[in-house]
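> Let me see the structure of the following:
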Amino acid sequence: MALPPLVEPAAELTKEEVARYSRHLIIPDVGVDGQKRLKNAKVLVVGAGGLGSPALLYLAAAGVGTLGVVDFDVVDESNLQRQVIHGQSDIGKPKAESARESVAEINPFVKVVLHQAQLTSENALEIFRDYDLILDGTDNFATRYLVNDAAVLLGKPYVWGSIFRFEGQVSVFWEDAPNGQGLNYRDLYPEPPPPGMVPSCAEGGVLGVLCASIGSIMVTEAIKLLTGIGDPLLGRLMVYDALEMSYRTIRIRKDPESPKITELIDYEAFCGVVSDEAQQAAAGRTITPLELKQKQDAGDDFVLVDVREPHEYEIVRIPGSVLIPKDRILSGEALAELPQDKPIVLHCKSGARSAEALAALHRAGFADAVHVGGGVLAWARQIDQSLPTY
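Reported below is the predicted structural model:
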C-alpha cells in the first residue's frame, strides 16, 4: 500500500532539469509531480561507505535536491573494492569530501551538505532534524540503534540496509507511519547481539558488488517514500542471497514488549564493543606491538597465538605466530594445545577478538596470558610496514 508522499513538490523544473530527468518524467507514476518532489527532498545518508556509495550516486542521479552526508572517516585503499563513490586519487581524503565531489560530477543541481563528525547521542537529533528521510548504511550495531532512536524521537522515516559476505537485508522503519502500522528497528532486533557474536564486514568480508544490489534497493525505497508511489518495505524485511540469487521477504510485526523510546542513550555501552569480561581481562594485560617485537628480539620463550580465521592468516601474519581461531579457544577445544609452562601472547586483527579469547584463557587458569593491542594491523603500521593490511 502506497503511503502519502513525504515531500511537497517544488515550484517548477527548469528546461535543463526536464532534459536531465526525461526518463523519469515519462513514467506515469513519477511524472513531473514526482520529479518536483524529488527536487524538493532532503535526504540524509549516514555513512559514505559500502552502502552509502551507491545510495548517494543514485539519489543524486535521481534528482534529490539536497543530500546530507554523515561520515568522519578517510578513504583507505581497502575501501575501493566496494565503495565506488571514491577513487584511487581519493585515498587519504575525507570520505564526505570525496563523496561530494563525485555527486557534483553526477548531478551539479544537487546540493550536498557535509556532516564530518562521528554521529553521537549529542549531535544526532540536531543533524537529523532538517531532513525528510534518513538512509542508514552503517556497519555497527551501536550506530544503527542510535539512528533508529533519533528517527523515532523526530518522527522521521528511515531506510535501513545491512550487508555481510554474500547476503544483504533492507527494510523501512517509521514509528509514526500514517497507515498506523509503524515499526522501528527494535521491533526487528529488540537487543543487540552479544559482543563478538556477529563479525563486522572488516572481520568477515563482503562481496563488493553486493553493496550495489542492496544500496540500489535502499534508493528505490527512498524514492517511493518521497514521491508516494508503490508499496514500501515498511513492516517487511527483504533478504537477498547473492549465491542463490534469491530474494525473500519476511513480515515484521510490532513488538508489544518493546519499551517506548524517550531519549538517546550511550549506545557503545548498550551494544558493548567487547564484553565487560574481555575489558577486565585486557586491563593491565595488554602489550603494544613494540613490546612484542622487543620480546622477540630478546629471544624470550613464549607462544604467540593468532586467534583470527585461516583465510585471514593467509593474507598476513606476524612472524612466529601459530593459528588457533578464537572460537576454538572460547569452546575450550584448543586449551589442551596450549603450553602450561610458557607465557602466551594472543593477537587478532585489531584487538577485540583477542581480548575475548584472553578472558577465556584467564578463566581456564592461564593467568599470565596477555594480548597485543591493535593486533596485526598495528604491527603492520608500527613494526613492519612492508606487510599488507586488509
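
> Tell me the pLDDT of Gly196.
Model confidence at Gly196, given as pLDDT, is 63.

> Which segments of this protein make up each domain?
Domain assignment for the chain, taken from automatic domain parsing, gives 15-271, 276-382.

> tell me the mean pLDDT for the shortest one?
Predicted confidence along domain 276-382 averages 94 (mean pLDDT).

> what's in contact with stretch 54-65?
Applying CB atoms under 8 Å, 6 or more residues apart in numbering, the contact partners of stretch 54-65 are 10, 17, 20-21, 24, 35, 38-43, 45, 48, 67, 69, 84-85, 99, 102-103, 106-107, 109-111, 135, 137, 211-212, 215-216, 218-219, 222-223, 226. In short, each C-beta sits where N, CA and C put it, glycine included.

> From these, keep the buried residues only.
Buried members of the contacts of stretch 54-65, counted by 16 or more other CB atoms under 10 Å: 10, 17, 20-21, 24, 35, 38-43, 45, 48, 67, 69, 84-85, 99, 102-103, 106-107, 109-110, 135, 137, 211-212, 215-216, 218-219, 222-223, 226.

> Let's see which of these end up in helices.
Counted as lying in helices by DSSP state H, out of the buried ones among the contacts of stretch 54-65, are 17, 20, 24, 35, 38-40, 99, 102-103, 106, 211-212, 215-216, 218-219, 222-223, 226.

> Look at Val345 and tell me its secondary structure.
Recorded secondary structure, Val345: strand (DSSP: H, G, I helix; E, B strand; the rest coil).

> is it in a bridge, and if so with what?
Leu304, Val370 (DSSP bridges).

> Burial check on it, number of neighbours?
25 (other CB atoms under 10 Å).

> pretty sure it contacts Gly373?
No - counting by CB atoms under 8 Å, Val345 stays clear of Gly373, with 11.4 Å between them.

> if we can go back for a sec, I'd like the domains of the chain as CSV, with distance to Leu3 appended.
Shown next, in CSV, are these (distance: least, CB to CB, whole Å):
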stretch, distance to Leu3
domain 15-271, 6
domain 276-382, 40
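
> between those domains, which gets nearest to Thr389?
domain 276-382 (5.1 Å; CB to CB).

> Now do the residue lying closest to Pro325 once chain neighbours are set aside against Glu191, distance only.
Counting by CB to CB, 6 or more residues apart in numbering, Pro325 lies nearest to Glu309, which is 5.6 Å off, once chain neighbours are set aside. Separation of Glu309 from Glu191 (CB to CB, to the nearest Å): 26 Å.

> Those two: which has the busier surroundings?
More crowded of Glu309 and Glu191, by other CB under 10 Å: Glu309, with 19 against 10.

> Can you list the low-confidence ranges for the stretch 101-250 of the chain?
Counting by pLDDT under 70, the stretch 101-250 of the chain contains low-confidence ranges at 195-197.

> go with 80
Applying pLDDT under 80 to the stretch 101-250 of the chain flags residues 194-203.

> how about the strands in it?
For the stretch 101-250 of the chain, strands defined by DSSP state E, counting those that start in this stretch occupy the ranges 111-115, 133-136, 158-164, 167-173, 236-241, 246-251.

> Which strands or helices does the fourth one pack on?
Using 3 or more CB pairs under 8 Å, 6 or more residues apart in numbering; DSSP states H and E as the contact criterion, the secondary-structure elements in contact with strand 167-173 are strand 158-164, helix 185-188, helix 208-227, strand 236-241.

> got the angle between that strand and strand 158-164?
170 degrees (axes from the mean of the first three to the mean of the last three CA atoms, to 10 degrees).

> what's the neighbour count on Leu346?
29.

> do Ser53 as well
By the measure other CB under 10 Å, the count of residues near Ser53 is 26.

> So Gly92 lies in a helix, does it not?
No - Gly92: not assigned to a helix; according to three-state DSSP it is coil.

> what sits against it?
Neighbouring residues of Gly92 by CB under 8 Å, 6+ apart: 74-75.

> Give me the distance between it and Asp76.
Gly92 is 8 Å from Asp76, by CB to CB.

> Look up phi and psi at Gly373.
With angles defined as degrees, to the nearest 10, Gly373 sits at phi -60, psi 130.

> I'd like the distance between it and Lys111.
For Gly373, the distance to Lys111 - CB to CB - is 42 Å.

> same deal with Leu153?
On the measure of CB to CB, Leu153 and Lys111 end up 26 Å apart.

> go on, Gly155?
As defined by CB to CB, Gly155 lies at a distance of 24 Å from Lys111.

> Which residues are in contact with the residue nearest to His24 when sequence neighbours are not counted?
Closest residue to His24 in three dimensions, ignoring its sequence neighbours and counting by CB to CB, 6+ apart: Val30, at 4.8 Å. Applying CB under 8 Å, 6+ apart to Val30 gives the contacts 24, 227, 229.

> Redo those residues as TSV? Include distance to Pro54.
Converted to TSV, those look like this (distance: CB to CB, whole Å):
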residue	distance to Pro54
His24	18
Thr227	20
Ile229	21
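
> What residues of stretch 89-105 count as buried?
Within stretch 89-105, judged by 16+ other CB under 10 Å, the buried ones are 90, 94-100, 102-103.

> go on, stretch 178-198?
For stretch 178-198, the neighbour count (16+ other CB under 10 Å) marks 182-188, 192, 195-196 as buried.

> Identify the spatial nearest neighbour of Asp231, chain neighbours not counted.
Take Asp231 and drop its neighbours on the chain: the residue closest to it by CB to CB, 6+ apart is Met1, 5.9 Å away.

> Give me the neighbour count for that neighbour.
9.

> Settle this for me: it is touching Leu233, isn't it.
No - counting by CB under 8 Å, Met1 stays clear of Leu233, with 11.9 Å between them.

> how about CSV for the helices and strands packed on strand 167-173, with distance to Ser350 added?
Formatted as CSV, those follow (distance: least, CB to CB, whole Å):
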stretch, distance to Ser350
strand 158-164, 18
helix 185-188, 26
helix 208-227, 21
strand 236-241, 28
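
> out of these, which comes closest to Arg129?
strand 158-164 (13.5 Å).

> if we can go back for a sec, closest to Ser386 out of the helices and strands packed on strand 167-173?
helix 208-227 (25.7 Å).
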